[in-house]
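Engineer: have a look at this prediction, sequence included:
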Amino acid sequence: MQTFAEERFQKGILAAPDRILVATDLTDGDYLLPQVIAQAKASNAHVTLVHAIVPVNLLPIEAGAISYADQEKIDEEVQLILLGHAAKIQSEGITCDVVAQHGFAADVVQEQIRATKANRLIMGTHGRNKLAQFALGSVANELLRNINIPTLVLGPHAHGGGGHSLPQRVLHPISLLGDYKGAVGFAMDLAQAYHAELTLLHVLAPDAVEAINPERTFARAHNALSALAPNGEDLVPPIYTRVACGNLVEEILKVASEIKADWIVLGVDPAFPFWPFRDSTAYKTIAAATCPVLTIRHEHSRAELEIGEGKILAGVVE
């Protein structure tokens, strides 16, 4: 059984990681590296860049995809690109090593998380040119289901670099189901580590306004959020609370835009079915968000799943 000090250390290391794993498809350095450098500097973390090379004998033969695959040449090209990325990171005074490993991306990434004892993963969503066919691809489905460390994902609309590499404003949607207090604690630790404002958001089901006593429903949600952050607005940096009603993903994105969130911290619940992944809250949020999304596993009991199914699932992958 963990002591209080051990538990706090573990939580603190998740908010301010000392070992960061970066899954790269070799085309994403322009938008991943600023995030990696800023986060590694903030917590004095060691960085490992990992790239999965699908063996050429497993590549599908598609018209125009590749005329001739020379495994040795591919390996050399991958190593050169990785070392180039590593040199940029090292020039900022950050220790960094590289791993180029044959295999499927999700398997390689999970193996390297175990090998490096990483406590944060940073990755994009998919590649944008031919080289990316040999690498990461879209593996968010399997990784979000199976890894236990916070994962910062830069979706297709979060590549512009318009926000801050370190967050100044963090949005955390809350489900009020299961171990939501654990996820809130992580979001608070994260905001403290980066000296960022934190907004806690709870999204009520669309039919909440049609309930017998909607004012009471909203009041209870507000009270539940306020209890999580007493005197939140008086803190430095402050913690704000908001309650909304409507479509979960739309409300998350709307509030993120209104507060100019630099990161969305999203609880991911592996207990809910992930297939098809494109229908999940996490996928839709990551796909549409204009800022990075940091996911953390969020567990529910079976009884809570049965009670909450189809109702209030803010910040949880359903």
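Structural biologist: Structure's in. What do you need?
Engineer: all contacts plus neighbour counts: C-alpha atoms, from now on.
Structural biologist: Will do.
Engineer: domain map for this structure?
Structural biologist: Using automatic domain parsing, the domains assigned to the chain come out as 4-154, 169-308.
Engineer: and those domains as TSV, adding mean pLDDT?
Structural biologist: Shown next, in TSV, are these (pLDDT from 0 to 100):
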stretch	mean pLDDT
domain 4-154	82
domain 169-308	83
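Engineer: will you turn these into CSV that also has mean neighbour count?
Structural biologist: Below are those laid out as CSV (neighbours: other CA atoms under 10 Å):
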stretch, mean neighbour count
domain 4-154, 18
domain 169-308, 19
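Engineer: where do the helices of the protein begin and end?
Structural biologist: Assigned by DSSP state H, the chain shows helices spanning 4-15, 29-43, 71-90, 105-116, 140-146, 180-194, 214-228, 248-258, 281-288, 302-308.
Engineer: residue 74 and residue 172, how far apart?
Structural biologist: Noted for residue 74: a distance of 41 Å to residue 172, by CA to CA, to the nearest Å.
Engineer: repeat that for residue 200.
Structural biologist: Note on residue 200: its distance to residue 172, by CA to CA, is 5 Å.
Engineer: and residue 89, by the same measure?
Structural biologist: 29 Å.
Engineer: ok, residue 284 next?
Structural biologist: Counting by CA to CA, the gap from residue 284 to residue 172 is 16 Å.
Engineer: for residue 54, same thing?
Structural biologist: As judged by CA to CA, residue 54 and residue 172 stand 36 Å apart.
Engineer: do residue 152 as well
Structural biologist: Distance of residue 152 to residue 172, computed by CA to CA: 14 Å.
Engineer: do residue 226 as well
Structural biologist: 14 Å.
Engineer: repeat that for residue 13.
Structural biologist: 19 Å.
Engineer: backbone dihedrals for the residue nearest to residue 103 when sequence neighbours are not counted, please?
Structural biologist: Leaving out its chain neighbours, the residue that sits closest to residue 103 by CA to CA, 6 or more residues apart in numbering is residue 54, at 5.1 Å. Main-chain torsions, residue 54, degrees, to the nearest 10: phi -70, psi 120.
Engineer: residue 54 contacts residue 100, doesn't it?
Structural biologist: No: Residue 54 lies out of contact with residue 100 (CA atoms under 8 Å); the separation is 10.5 Å.
Engineer: got the contact list for residue 118?
Structural biologist: For residue 118, the contacting residues are 17-21, 112, 149, by CA atoms under 8 Å, 6 or more residues apart in numbering.
Engineer: contact partners for the residue lying closest to it once chain neighbours are set aside?
Structural biologist: With sequence-adjacent residues excluded and distances taken as CA to CA, 6+ apart, residue 118 is closest to residue 19, at 4.7 Å. Contacts for residue 19 (CA under 8 Å, 6+ apart) come out as 45-48, 116-120.
Engineer: who does residue 202 form a beta bridge with?
Structural biologist: Taking DSSP bridges as the rule, residue 202 bridges to residue 243.
Engineer: right, and it touches residue 242 too?
Structural biologist: Yes: the criterion here is CA under 8 Å, and residue 202 meets it with residue 242 at 6.5 Å.
Engineer: find residues that contact each of the two.
Structural biologist: residue 225.
Engineer: before we move on, the earlier item: what's the closest of the helices of the chain to residue 165?
Structural biologist: Among these, helix 29-43 comes nearest to residue 165, with 5.0 Å by CA to CA.
Engineer: quick check, central residue of this protein?
Structural biologist: residue 294 (2.7 Å; CA atoms, centre = their mean).
Engineer: which residues touch the closest residue to that one other than its chain neighbours?
Structural biologist: Of all residues not flanking residue 294 in the chain, residue 152 sits nearest, at 4.2 Å (CA to CA, 6+ apart). Under the criterion of CA under 8 Å, 6+ apart, the contact list for residue 152 reads 120-123, 292-295.
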